[in-house]
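>>> show me how the following folds:
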Amino acid sequence: MQEIETGSFAKPQFVVWPPSRIRIVSWNINRGLELQRIITFLESAKADVVFLQECDVNARRTHHLNIAKEISQKAAMNYVFGREFQELTQGSRASPAFHGQATLSRWPLSGARIIRFRRQSNFWRPHWFFPEVSPFQERLGGRVALVTETNVAGKTVITYNLHLESKGDDALRCAQLSETLDDATRDDRNMPIVLAGDFNLDVSEGAGATALRRAEFRDAFASQHLPTTPHTFMEKGRVIDWIFTRGFASSSEPKVHRSVKASDHFPLSFVLGLS
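Sure thing, here's the model as predicted:
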């Protein structure tokens, strides 16, 4: 489950001077069920770096496609995919299916690794009394943060692509977030870092907000937040997808793309300024 997959589809770039701004998108794509709509949006967004959560590989529900690879090829980007779960009801012993996070970039990616959180929910584990059918979503593995380094024409940007637990309570999610923040302490405080993903948690206040503030991460959206999930008959939209930065970097032009109907989450974008 520690396996990392990579692919290189970005066109070679020749630049005299590193760019001072790059556009970043973060999006939980709901397994990639609406693949063509996802690709259409990402092509129009013209992002330099993309964080995707809930990407399928070889799952029946997404036609046995490698979703991250499909998107990267169409968008002409490099990618790194980290396995979060083996989806027991979506593949077979001979041809397993996986699910996880992917980071895409028009620039070279390196140093990819996974933080598999020590604290996990038992919700997804197989149980003898459940049949192996899709509604039960039985899985092996656990939630992760995918860490990569992007080389933007000689400037390094470290990225953390998170998917915190949807089951359990906020204490569990905050514990997983804290593991990520602890990992980030190994880096120079001036190094540009982007931490983004589906937190399944409102970190505008409480323990999550305190931990991020102590770790010197800044909210890329500041006070411009909108719900990142749609309103439904059963539930109001929630602010659970986030982007934070740290180090010698600025953020501008934050946007929640609420008109995009391709997932059960809306994509987020912003512009990262590299000083």
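
>>> when you work out contacts or count neighbours from here on, use the C-alpha atoms and nothing else.
Fine.

>>> tally of neighbours for residue 145?
For residue 145, the tally of surrounding residues (other CA atoms under 10 Å) stands at 28.

>>> ditto for residue 143
24.

>>> so what strands line up beside the helix or strand hosting residue 115?
For residue 115, the host element (DSSP states H and E) is strand 109-116. Strand 109-116 pairs in its sheet with strand 144-152 (antiparallel), by DSSP bridges.

>>> how far does the strand it pairs with sit from its chain's centre?
In terms of CA atoms, centre = their mean, to the nearest Å, the gap separating the centre of strand 144-152 from the centre of its chain is 10 Å.

>>> quick one, phi psi at residue 177?
Backbone torsions of residue 177, given as degrees, to the nearest 10, read phi -60, psi -40.

>>> residue 61 too?
The phi/psi pair for residue 61 (degrees, to the nearest 10) reads phi -60, psi -20.

>>> ok, it to residue 17 distance?
Relative to residue 17, residue 61 is positioned 44 Å away (CA to CA, to the nearest Å).

>>> okay, these two: which has more neighbours?
Between residue 61 and residue 17, residue 61 has the larger neighbour count (other CA under 10 Å), namely 15 against 8.

>>> these two touch, right, the more buried one and residue 87?
No. Judged on CA atoms under 8 Å, residue 61 makes no contact with residue 87 at a distance of 10.8 Å.

>>> one step back: buried sites along the strand holding residue 115?
109, 110, 112, 113, 114, 115, 116 (16 or more other CA atoms under 10 Å).

>>> let's see the pLDDT reported for the residue lying closest to the third one once chain neighbours are set aside.
It refers to residue 112. If the residues on either side of it in the chain are set aside, residue 112 comes closest to residue 148, at 4.4 Å by CA to CA, 6 or more residues apart in numbering. pLDDT, residue 148: 98.

>>> OK, contacts around residue 148?
By CA atoms under 8 Å, 6 or more residues apart in numbering, the residues touching residue 148 are 103, 109, 110, 111, 112, 113, 158, 159, 160.

>>> and the strands in the chain?
4-7, 21-31, 49-57, 78-87, 98-105, 109-116, 139-141, 144-152, 155-163, 193-198, 218-219, 241-246, 249-256, 268-274 (DSSP state E).

>>> quick one: contacts for residue 214?
By CA under 8 Å, 6+ apart, residue 214 has no neighbours at all.
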